[in-house]
Every structure is written in C-alpha cells, then in structure tokens.
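[1] here's my sequence, what's the structure:
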Amino acid sequence: GGSPREVAPPSPGVLEARAVRRDQDFEFQESLAADQAKERQRQEEEAAARLREQEEQARAKAEAEEVALAAAKRQEEIEAARAQLPAEPPASAGKDSVLVVVRLPDGARLQPRRFNASDKVGVLYSFVRVALYDLETKDGREHVGQEFDLVTNMPVKALTDKDVTCAEADLTGQTLLMVQYHALSTPKGA
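    Numbers count the residues shown, from 1 in each chain. A predicted model of the protein is given here:
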C-alpha cells in the first residue's frame, strides 16, 4: 500500500491561464447580458412604435368615418329639404307668386326661382340651403352648411320667422334676398 499521492500545486502558467479564461468567461457573460438587454429594449421600442402606429391608424379611421357619417347625414338632410320644396308656380301666377333672387356674400347670385305667396319663409331657407349644397358639391364653395339669415334689401331686415308666408313677410313681385352668414365663433369681448 502506499501513502496517498500528493497532488502537486498547479504551475504559475496554469494558474494564469485559468485566470485569463475566468476573466474572458466573465466578460463574455457581461457582453451577452448587455446584448440581450439591448435586443429586449429594441423589441420593446418596436412594439411601442407598432402600437402607436395602430392607435394613429385607428384614430384616423374613426375620424374619417365620423366625417363620412356627417357628410352622409348632411346629404340626407339636403335631400329631405329638396323633397320638401314645393313645385315652382308658373310665371302666369302673377301676384299670387313672388320671384326670389338670392345674392351670396361674394356677389354671386343663385338661379332665380318663383314661390307661391302662400309658401312659408322656411321654404326659402330650404331652397337656399339646397342651392348652396349644390354649389359646394359642384364648385367647392366655402361656408356651405354654415348657418345664415336671409335678409331683405329695402328695408334691410332679416327674415328670422320661418313660419310666416312670403306674403306676410311683404315679399312680393320680384324680391332680392341676401345671404348673411352667422359668425362662426366670436371670442368673448371681441
């Protein structure tokens, strides 16, 4: 039998090689961890960017749908107003009718149209609203859909009561009416 064999301590060269190897392994693990953290951050940033893009697309789509819905609703209202317009009386209707000429703020005039003296002033508003809508869709005019008053020339008077007849509003013969747009929004104190 023999005595247990003594293990010789590693040589300084082996110890140094092990230390270098340990340092390299540590640096590799640090570098790998840093690379993995960068990749995770990049993926998170890409996911956040995709989410922002999806939200923006959803917002734009909702906005477009809202605009389309408003346009469809407005067109529906215009078509209902168009359907409500009474037939134009013949020129031979004489004093039982009134020929209305409408002037826009830019000086342009709508096609003159004859109305019965018994038609309500509200019918004139419907006629103008429909005509303005038609101009907008044809020429891309501004202010269409904006609220307005019809104003007589002499005396200058806004026709605000839409339930009176043309005759009751003193609209006779050939009458010039002007479209006067309401201010879109006036800041307080302005």
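
[2] longest helix in the protein, by residue count?
    helix 12-84 (DSSP state H).

[3] could you identify the helix or strand that succeeds that one?
    Using DSSP states H and E, the next helix or strand after helix 12-84 towards the C-terminus is strand 97-103.

[4] so where is this structure shaky, pLDDT-wise?
    1-4, 140-145, 184-190 (pLDDT under 70).

[5] closest to the centroid, which residue in it?
    Val67 (4.9 Å; Cα atoms, centre = their mean).

[6] check the gap between that one and Gln54 for me.
    20 Å (Cβ to Cβ, to the nearest Å). The C-beta positions use only the backbone N, C-alpha and C, and glycine is treated the same way.

[7] so how far is Val100 from the residue nearest to Asn153 when sequence neighbours are not counted?
    Leaving aside its sequence neighbours, Asn153 sits nearest to Leu176 (Cβ to Cβ, 6 or more residues apart in numbering; 4.7 Å). Counting by Cβ to Cβ, the gap from Leu176 to Val100 is 8 Å.

[8] packing partners for the longest helix of the chain?
    helix 121-139 (3 or more Cβ pairs under 8 Å, 6 or more residues apart in numbering; DSSP states H and E).

[9] mind giving me the packing neighbours of the helix it packs on?
    helix 12-84, strand 97-103, strand 113-116, strand 148-152, strand 173-181.

[10] how about a cut-off of 7 Å?
    The contact analysis (3 or more Cβ pairs under 7 Å, 6 or more residues apart in numbering; DSSP states H and E) places helix 121-139 against helix 12-84, strand 113-116, strand 148-152.

[11] got these as JSON lines, with distance to Ser92 columns?
    Putting the helices and strands packed on helix 121-139 into JSON lines (distance: least, Cβ to Cβ, whole Å) gives the following:
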{"stretch": "helix 12-84", "distance to Ser92": "24"}
{"stretch": "strand 113-116", "distance to Ser92": "10"}
{"stretch": "strand 148-152", "distance to Ser92": "25"}
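
[12] mind checking which of these is nearest Val123?
    strand 113-116 (6.5 Å; Cβ to Cβ).

[13] in its sheet, what does the closest one sit against?
    According to DSSP bridges, strand 113-116 forms sheet pairs with strand 97-103 (antiparallel).
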